[in-house]
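In: A structural model of the following input is requested.
(one chain, ligands or ions: 3)
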Amino acid sequence: QRGSIEVICGPMFSGKTEELIRRLKRAQIAKLKVEIFKPATDIRYDATAVVSHDLNSIQSTPIETSSAILLLSSNTQVIGIDEAQFFDDELPNVCATLANKGIRVIVAGLDMDFKGNPFGPIPKLMAVAEFVTKITAVCVRCGAPASHSYRLVERQETFLLGEKESYEPRCRVCFNLDK
Ligand code: ADP
Ligand code: MG
Ligand code: ZN
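Out: Ligands and ions are numbered 1, 2, ... in the order given. You can find the predicted model right below:
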């Protein structure tokens, strides 16, 4: 098998986790050996499962640093990584190493933070990936396709775990309102 890097990106509620789970379940049906990783800090729905907002889920291994993937993925043919924006800057190198070994690497994560800036290692991954899928949510204010994640709470840190109470997907126009 030829290795490759696939990136699934977009704002919160755009269906990144759903799409990641869809691709990984099909790989499992094809009897490929699949491993899924997520940052140990993401405990919103479950400590070990990757869970979409629709409550679709798949069992995963929580890890602290991206290099742990290299140690924990022997004999794996397909690797899924969710919430990749929370990982360190080594993640693009880790993914390239895996892909160079013949592994199909599928990475899902936010492309922009709540300020609309490129988020963590995702921009670099988008540059080095063979395939980039950028998806949209539905703007909760006007119904247009939403590319941005609007923070509803008055907190300035980039890393703020949250759900519907803290973030909502918005289009560019609605994102720039009340700013
Ligand atoms: P992500 O991983 O990108 O945050 P998920 O895959 O977890 O997204 O969830 C996507 C699901 O969220 C959709 O299929 C839909 O059921 C639900 N959803 C809730 N609010 C919205 C919205 N404003 N736009 C799109 N989907 C939404
Ligand atoms: Mg998700
Ligand atoms: Zn809008």
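
In: run the chain-centre distance for stretch 79-88.
Out: Put simply, stretch 79-88 sits 6 Å off its chain's centre (CA atoms, centre = their mean, to the nearest Å).

In: which residues touch it?
Out: Outside stretch 79-88, the residues that touch it by CB atoms under 8 Å, 6 or more residues apart in numbering are 16-17, 20, 23-24, 34-39, 41-42, 50, 58, 60, 65-66, 69, 73, 91, 95, 98, 103-111, 113, 119-122, 125, 159. Bear in mind the C-beta positions are built from the backbone N, C-alpha and C, glycine included.

In: need the residues of the protein near ligand 1, please.
Out: Proximity of the chain to ligand 1, by CB under 6 Å from any ligand atom, involves residues 10, 12-18, 52-54, 137-138, 140, 169.

In: same thing but 8 Å
Out: For the chain, the residues in contact with ligand 1 (CB under 8 Å from any ligand atom) are 10-21, 51-54, 56, 82, 108, 110, 135, 137-140, 146, 164, 168-169.

In: among those residues, which lie within helices?
Out: Lys16, Thr17, Glu18, Glu19, Leu20, Ile21 (DSSP state H).

In: and those as JSON lines, adding distance to ligand 3?
Out: Supplementary listing: those in JSON lines, determined by distance: CB to the ion, whole Å:
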{"residue": "Lys16", "distance to ligand 3": "20"}
{"residue": "Thr17", "distance to ligand 3": "22"}
{"residue": "Glu18", "distance to ligand 3": "22"}
{"residue": "Glu19", "distance to ligand 3": "22"}
{"residue": "Leu20", "distance to ligand 3": "26"}
{"residue": "Ile21", "distance to ligand 3": "27"}
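
In: filter the residues you listed down to the buried ones.
Out: Lys16, Thr17, Glu18, Glu19, Leu20, Ile21 (16 or more other CB atoms under 10 Å).

In: all strands for the chain, in order.
Out: 4-10, 34-39, 49-51, 57-59, 61-63, 78-81, 104-110, 131-134, 137-138, 145-146, 148-151, 167-170 (DSSP state E).

In: what sits up against the fourth one?
Out: So that's strand 57-59. Ile21, Leu24, Lys25, Ile36, Tyr45, Asp46, Thr48, Ala49, Val50, Val51, Gly80.

In: same deal with the last one?
Out: If you take CB under 8 Å, 6+ apart as the criterion, strand 167-170 is touched by 11-14, 114, 136-141, 146, 148-152.
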